[in-house]
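1. structure for this input, please:
(4 chains)
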Protein chains: 2
Amino acid sequence: MYKILIADDEEKIRAIIKKYAEFEGHKVTEAKDGMEAVLICRNEEFDIIILDIMMPELDGFSACREIRKMTDTPVLMLSARGEEYDKIHGFELGVDDYVVKPFSPKELMLRIDAIIRRSSSKEDEAGTYSYDNLHINFKARVVHIDNAQVNLSPKEYELLFYMVKNRGIALSREMIINNVWGYDYYGDERTLDTHIKLLRKNLGDYAKLITTLRGMGYRFEAE
Amino acid sequence: MYKILIADDEEKIRAIIKKYAEFEGHKVTEAKDGMEAVLICRNEEFDIIILDIMMPELDGFSACREIRKMTDTPVLMLSARGEEYDKIHGFELGVDDYVVKPFSPKELMLRIDAIIRRSSSKEDEAGTYSYDNLHINFKARVVHIDNAQVNLSPKEYELLFYMVKNRGIALSREMIINNVWGYDYYGDERTLDTHIKLLRKNLGDYAKLITTLRGMGYRFEAE
DNA sequence: AGGACATATACACAATTTATTCATAAAATT
DNA sequence: AATTTTATGAATAAATTGTGTATATGTCCT
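-> As a prediction, this is how the structure comes out:
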């Protein structure tokens, strides 16, 4: 669970991020402008601070400058398309990453994970997963079974990645769809079945690692 | 934890790098020009030395030349855009990598990791890469296939260079563009495809070493 | 400055792969 | 046995990448 502070004057944007982040079990605090964000930061520690650039009262850069005087908490900036030059400006202020609006919440969450992982440097990621002769190399983004490379489509790989990352945990259909497809997925629910099928097919004997939890979702077995 | 020496006359640049590196648990020593860097190197060992090219007292090249007389510590150069020739010049001096200003600290850290990983494993001590009859000499910036020199355009070489230095790792389109074109590139995304195409053509049979990761990017195969 | 050349980029469209939908079969639950 | 849920196969839609060509852009030379 991460503590996230999100500062944006658009309520809608805050709501989207909040909803999505809470789904992943994070705690979200909202600020409606830069000034409010700075004030909140005086009394509370966060794992990451998300700042929109264009805000009333105090813009994202100024807020970032103020926050930097107090803490080293990683900062992620939200910029509208066309604010390109700001990117350069921002890195000098100690901005950790940028996401251009409109963004995919899924990608935003991935970036948040990456930033926090990097800055806390606790986790130094082995970068691989193995079970018998099934080997996944996350860095190379490659899967081997019995020393042969397995060709997975992007969706199959992402699905596997998400499940392996959360192995041993019961994953509801909704969670899987939210994390692999994004919370704004409005397609057929049965699509997940199809991808599970394709993934199982590609995993051959190791398909047994994916357990169906009827009425619930799936679980990738740990050990 | 790595010991990093950063020499740049701009205090701001040093501060950015220092902040990010310390975030990742590294120890950073600062030098405000090339002369100071050389003096510090006489008394202290580092895992990597970062040198700006344009510095008062002693520029990056001269400093590198001096440092090379004492130690084999990997050197990363910071060059301003437009100092293209300088890159070539730099490699003759035994520069391990270069990053064009302005850079994204995130990418710089990734490169530092890559360089240190490589040099500590003594992998390509000679500054070359070979696979069958494909030979790349990083110092000379030259590529040979079957004993014949291959003519690569600057962009093609840089693309190959970046991919080979990060071989075995899935490189997203974004990462490649950030590192080869710079993070402030806003041209057509498909330009990368074109350069991959040209590079593959020039690599002939060895084009197979560049794997397309659909929906993701590319990977230069290790081994 | 102008021309020849190499290089970089843009872009259209073909080739290919992947994602999705949907109908039906199979399995589990009641 | 009826109902609910999941698995599967096949058809279709959608997305991504490869490639050829055209157009800039830049560099070197005279």
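2. what does the lengthiest helix in chain A contact?
-> Among the segments of chain A that qualify as a helix by DSSP state H, the longest is helix A:105-120. By C-beta atoms under 8 Å, 6 or more residues apart in numbering or on different chains, the residues outside helix A:105-120 that reach it are A:2, A:4, A:16-17, A:20-21, A:24, A:47-48, A:50, A:72, A:74, A:76, A:96-97, A:99, A:123, A:125, A:178-184, B:23-24, B:106, B:109. C-betas here are computed from N, CA, C, even on glycine.
3. please save the CA atoms from it in CSV.
-> What follows is helix A:105-120 as a C-alpha-only set of coordinates in CSV (Å, rounded to 0.1, in the frame of the first residue of the first chain):
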residue,chain,number,x,y,z
PRO,A,105,-4.6,5.0,-15.7
LYS,A,106,-3.0,1.6,-16.2
GLU,A,107,0.2,3.1,-17.4
LEU,A,108,0.1,5.7,-14.7
MET,A,109,-0.1,3.0,-12.1
LEU,A,110,2.8,1.2,-13.7
ARG,A,111,4.8,4.3,-13.6
ILE,A,112,3.9,5.0,-10.0
ASP,A,113,5.1,1.4,-9.1
ALA,A,114,8.3,1.9,-11.0
ILE,A,115,9.1,5.3,-9.4
ILE,A,116,8.4,4.1,-5.9
ARG,A,117,10.3,0.9,-6.4
ARG,A,118,13.3,2.9,-7.7
SER,A,119,13.3,5.5,-5.0
SER,A,120,12.8,3.2,-2.1
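4. pull the CA atoms of the following helix or strand past it into CSV?
-> For helix A:105-120, the succeeding helix or strand toward the C-terminus, using DSSP states H and E, is strand A:128-131. Only the C-alpha atoms of strand A:128-131 are listed here, as CSV (Å, rounded to 0.1, in the frame of the first residue of the first chain):
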residue,chain,number,x,y,z
THR,A,128,13.2,-13.7,-13.2
TYR,A,129,10.6,-16.3,-12.2
SER,A,130,11.1,-20.0,-12.5
TYR,A,131,9.1,-23.1,-11.8
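5. strand A:128-131 near chain B at all?
-> No. For a cut-off given as C-beta under 8 Å from any C-beta of the partner chain, strand A:128-131 has no contacts with chain B; the smallest distance is 12.0 Å.
6. which helices and strands sit right next to that strand?
-> strand A:134-137 (3 or more C-beta pairs under 8 Å, 6 or more residues apart in numbering or on different chains; DSSP states H and E).
7. check the offset of the strand it packs on from the chain's centre.
-> What separates the centre of strand A:134-137 from the centre of its chain is 22 Å, taken as C-alpha atoms, centre = their mean, to the nearest Å.
8. helices or strands up against it?
-> Applying 3+ C-beta pairs under 8 Å, 6+ apart, one finds that strand A:134-137 makes contact with strand A:128-131, strand A:142-145, helix A:154-165.
9. can you list the residues that contact the first one?
-> Spelled out, that is strand A:128-131. Counting by C-beta under 8 Å, 6+ apart, strand A:128-131 makes contact with A:135, A:136, A:137, A:138, A:139, A:164, A:206, A:209, A:223, all of which sit outside it.
10. list the buried residues for that strand?
-> If you call a residue buried by 16 or more other C-beta atoms under 10 Å in any protein chain shown, then strand A:128-131 has these buried ones: residue A:129.
11. for residue A:50, give me phi and psi.
-> phi -110, psi 120 (degrees, to the nearest 10).
12. that one: what's it in contact with?
-> Per C-beta under 8 Å, 6+ apart, neighbours of residue A:50: A:4, A:5, A:6, A:7, A:8, A:17, A:75, A:76, A:77, A:78, A:112.
13. looking at it now. What's its pLDDT?
-> Here the pLDDT value assigned to residue A:50 is 94.
14. swap in residue A:105?
-> Note for residue A:105: predicted pLDDT of 78.
15. now do residue A:126
-> Looking at residue A:126, its pLDDT reads 54.
16. could you give the mean pLDDT of stretch A:17-26?
-> Throughout stretch A:17-26, pLDDT has a mean value of 85.
17. may I ask which of the contacts of strand A:128-131 comes out lowest in pLDDT?
-> Lowest-confidence member of these: residue A:223, scoring 74 (pLDDT).
18. that residue and residue A:131, how far apart?
-> As for residue A:223, its distance to residue A:131 is 8 Å (criterion: C-beta to C-beta, to the nearest Å).
19. for the longest helix of chain A, the distance to its chain's centre please.
-> 5 Å.
20. let me know the angle separating that helix from helix A:154-165.
-> Between the axes of helix A:105-120 and helix A:154-165, defined by axes from the mean of the first three to the mean of the last three C-alpha atoms, to 10 degrees, the angle is 40 degrees.
21. could you give the mean pLDDT of stretch A:170-186?
-> The predicted model gives stretch A:170-186 an average pLDDT of 86.
22. and residue A:5, what helix or strand is that in?
-> strand A:3-7.
23. and whichever helix or strand comes after that strand with helix A:105-120, angle?
-> Stepping forward along the backbone from strand A:3-7, the first helix or strand reached (DSSP H and E) is helix A:11-23. Using the same axes, to 10 degrees, the direction of helix A:11-23 lies 60 degrees away from that of helix A:105-120.
24. how near is the closest residue in space to residue A:1 that isn't next to it in sequence to residue A:172?
-> Spatial nearest neighbour of residue A:1, excluding adjacent residues (C-beta to C-beta, 6 or more residues apart in numbering or on different chains): residue A:25 at 5.2 Å. Shown here: residue A:25 relative to residue A:172, a distance of 13 Å by C-beta to C-beta.
25. ok, now residue A:203?
-> Spatial separation of residue A:203 from residue A:172 under the definition C-beta to C-beta is 21 Å.
26. contacts only, for residue A:42.
-> Applying C-beta under 8 Å, 6+ apart, we find residue A:42 in contact with residue A:70.
27. model confidence for residue A:82, exactly?
-> According to the model's per-residue confidence, residue A:82 sits at a pLDDT of 56.
28. returning to what we had before: for the longest helix of chain A, buried residues please.
-> For helix A:105-120, by 16+ other C-beta under 10 Å, it's A:105, A:106, A:108, A:109, A:111, A:112, A:115, A:116, A:118, A:119.
29. follow-up on the earlier one: which one of the helices and strands packed on strand A:134-137 lies nearest to residue B:196?
-> helix A:154-165 (17.6 Å; C-beta to C-beta).
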